[in-house]
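[1] the sequence and its predicted three-dimensional model are supplied below.
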There are 2 protein chains.
Amino acid sequence: MAYVAFDAFMKESKAFVEEQLVRYANTLQCPNVLREAMAYSLAAGGKRLRPLLLFATLQAFGKDRDLGIGTACALEMIHTYSLIHDDLPCMDDDDLRRGKPTNHKVFGEAMAVLAGDGLLTYAFQVVTEQEHTDVTPEIKLRIALELAKAAGPEGMVGGQVADMEAEGKQLTLHELEYIHKHKTGRLLEFAVLAGALLSGATTEQQEKLLTFAKYVGLAFQIRDDILDVEGTEEEIGKPVGSDMTNEKSTYTTLFTVEEAKQILEETIAKAKEAISSLQLQDEYLLAICDLIAKRNH
Amino acid sequence: MAYVAFDAFMKESKAFVEEQLVRYANTLQCPNVLREAMAYSLAAGGKRLRPLLLFATLQAFGKDRDLGIGTACALEMIHTYSLIHDDLPCMDDDDLRRGKPTNHKVFGEAMAVLAGDGLLTYAFQVVTEQEHTDVTPEIKLRIALELAKAAGPEGMVGGQVADMEAEGKQLTLHELEYIHKHKTGRLLEFAVLAGALLSGATTEQQEKLLTFAKYVGLAFQIRDDILDVEGTEEEIGKPVGSDMTNEKSTYTTLFTVEEAKQILEETIAKAKEAISSLQLQDEYLLAICDLIAKRNH
């Protein structure tokens, strides 16, 4: 019963954020080709995990998705820009992303750089001008600040650089965790924190939810590393074992696959434990944990 | 007398913003190479015209430079990121910027993309967390929003795309103005608007100062086009006549040089006229007009 409801919640959340992303792209007064390049990658699908985490956090406080729509779209814009820049020839040089040609393959490298820059900047326009009457200037400001910290040099961009620097090197667990925490973890944490801020959470609630989000981010990455070894190419959208081929340190090179699975299970348990005392309507948050532990793409 | 004072004001403003940029870069908790790449381009000099416009606007209201330091540094971060990305091989492919190797020549293309992304994102961190006690959350929020609009798809990034699309085409004056207004104009306007917002300017004052800034931006560009024809390579830092070689439409291809000079003079007069009724301490703002009209680099 709870799972059926969560499935519906996931589908509705995905549809809602995708519809709103189209609306945000369409209202832009800018050269057509730029709007098209931005919209192309925004529409390229994906799990929309960050908006889902945000909406599930709002739900935990009994709040409606509408309250978080600006922040959810900004999150997807930032995530999308990072993928566009990541795929560039000078970075990972990928021709395909989720089975579709990458942005620079369709629009050219220069436009891909600018579409990424445009999405990154537009995200801050969207969070600072969100119009929901329950979002005070103080909350908008805090959300913009936290988004900048999570996405910038001390967050995602820093993680990207660390990941790039690490290629071909044998990492310690500490170094590996730095990369994951920053490259993917910070935006996932922001999604939960933003949901808490928008819901008027107390400082204690914010802290426990952040701890929850840290474990969720870690679990996400461990599962990713396991999938790289155990998934099928069709499921994970890249050759199986590509991390090993690229001489990347992962949870399955630092540990055995069985150990990694054990750590994943413990991490999920810690995530759930972190919010257990809060007495929120946390069904969806808990369901996301299970989703991450079992995902196969 | 006024000119000596303005010279000192310029030098002090430049030194102040450069010192603060170093401070902002140094406090970043991020991989060293990223901090170095960002700091390298932040320290690469330039006129610091945007901070100067901001400080001169504050001065017009009798306010201190300190009030605008976060916004001034954010402006330079955005300007700097746009130059780094602009110089990339897939964009203008420039090896030198102000006589020094461009960012990607020193740090590689991937790092240059990420250093640009980092600066752009950090700018929003800096404006949203500025600590001056006279800056209210409402003002910070408005500044972050206006910065995003000025720098994003509806502003600078849109202008970059339009400029790229225009290469090799004969433009109308209207199309040429669109490019200039967005590519360089919007950030110059933001500098003045931010100064007005930080000073608590009335709506009427904001509007007249924005009109002033629009003419200043236009004058800046017309002077640029004249310099491309009349300057020396040493003065302008690129080959004389490079716009013509690149088949770019400019004020000196749409008009004769003499006509362009006449339009420049009229534009400067309109800029000064726009703020003449405000009775501000506008000496520095007027001096910037003259500086732009006469600049040779």
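    Received it, and whenever you're ready, just let me know what you need.
[2] I figured A:Gly62 hits A:Gln281, correct?
    Yes. At 6.1 Å, A:Gly62 counts as touching A:Gln281 under the criterion of Cβ atoms under 8 Å. Quick note: C-beta positions are derived from backbone N, CA and C, even for glycine.
[3] more crowded one of these two?
    A:Gln281 (12 against 9; other Cβ atoms under 10 Å in any protein chain shown).
[4] phi and psi next, for the residue of the stretch 151-297 of chain A found nearest chain B.
    In the stretch 151-297 of chain A, the residue that lies nearest chain B is A:Gly152 (3.5 Å; Cβ to the nearest Cβ). Backbone torsions for A:Gly152, taken as degrees, to the nearest 10, come to phi -90, psi -160.
[5] neighbours of A:Leu96, how many?
    12.
[6] against A:Leu83, how distant is it?
    Separation of A:Leu96 from A:Leu83 (Cβ to Cβ, to the nearest Å): 12 Å.
[7] try A:Gln125
    With Cβ to Cβ as the criterion, A:Gln125 and A:Leu83 are 20 Å apart.
[8] where do the strands sit along the stretch 51-200 of chain A?
    A:96-97, A:100-101 (DSSP state E, counting those that start in this stretch).
[9] make JSON lines from those strands and add mean pLDDT and distance to chain B to it.
    Shown next, in JSON lines, are these (pLDDT from 0 to 100; distance: least, Cβ to the nearest Cβ, whole Å):
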{"stretch": "strand A:96-97", "mean pLDDT": "94", "distance to chain B": "17"}
{"stretch": "strand A:100-101", "mean pLDDT": "96", "distance to chain B": "17"}
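[10] CSV for the ones you listed, including distance to A:Asn296?
    Output for the strands of the stretch 51-200 of chain A, formatted as CSV (distance: least, Cβ to Cβ, whole Å):
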stretch, distance to A:Asn296
strand A:96-97, 19
strand A:100-101, 20
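[11] for B:Val135, which of those is the nearest?
    Nearest to B:Val135, of all the strands of the stretch 51-200 of chain A, is strand A:96-97, at 40.8 Å by Cβ to Cβ.
[12] got the contact list for A:Leu198?
    A:Leu58, A:Lys63, A:Leu67, A:Gly68, A:Thr71, A:Asp134, A:Val135, A:Ile139, A:Ile143 (Cβ atoms under 8 Å, 6 or more residues apart in numbering or on different chains).
[13] per-residue confidence for it?
    Looking at A:Leu198, its pLDDT stands at 98.
[14] ok, A:Glu167 next?
    The score at A:Glu167 is 87. That number is its pLDDT.
[15] also the one 5 residues further on?
    On pLDDT, A:Thr172 comes in at 92.
[16] burial measure for it, as a count.
    Neighbour number of A:Thr172 under other Cβ under 10 Å is 10.
[17] related to what we said a few turns ago, please pick the buried ones from the contacts of A:Leu198.
    Buried subset of these (neighbour count, 16 or more other Cβ atoms under 10 Å in any protein chain shown): A:Leu58, A:Lys63, A:Leu67, A:Gly68, A:Thr71, A:Val135, A:Ile139, A:Ile143.
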